[in-house]
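> predicted coordinates and the sequence they were generated for:
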Amino acid sequence: ASDVDSKIDGAMDLAKKLAASDTVRLCVETKMLSYSIGDELDFAADRCDVQRLDAQTKTGGGRLIDLMAAIAQSPSFRTRTGGQ
């Protein structure tokens, strides 16, 4: 089960539920970090980076700009080797 499991009443309701979802936020953060470093993440190995990224993003209010700043400051991004 997901934290978005419930009846959806239109596009605005869907947007609100997705925006409030911890599952969706973690998925977006993980995919954005993976894309930014140019390689798939190994969640077991990269769990600390994802948790740090999530904490920074939540502190900023969960905005996309906060996620992008947290990724740019992350050790994974600064030491990336993929995407060449």
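Arrived safely, thanks for sending. Numbering: from 1, shown residues only.

> in what helix or strand does Asp66 lie?
For Asp66, the enclosing helix or strand under DSSP states H and E is helix 64-73.

> now the helix or strand just after that helix: buried residues?
Counting by DSSP H and E, the next helix or strand C-terminal to helix 64-73 is helix 75-78. Across helix 75-78, burial judged by 16 or more other C-beta atoms under 10 Å covers 76-77. Using the backbone N, CA and C atoms, a C-beta is placed for each residue, glycine as well.

> could you do stretch 21-41 as well?
Applying 16+ other C-beta under 10 Å to stretch 21-41 flags 25-26, 28-30, 32-34, 36-37, 41 as buried.

> now, which of those sits nearest Arg47?
Leu41 (9.1 Å; C-beta to C-beta).

> measure the residue lying closest to that closest one once chain neighbours are set aside to Val50 for me?
Nearest residue to Leu41 in three dimensions, chain neighbours excluded: Ser34, at 4.8 Å (C-beta to C-beta, 6 or more residues apart in numbering). As defined by C-beta to C-beta, to the nearest Å, Ser34 lies at a distance of 10 Å from Val50.
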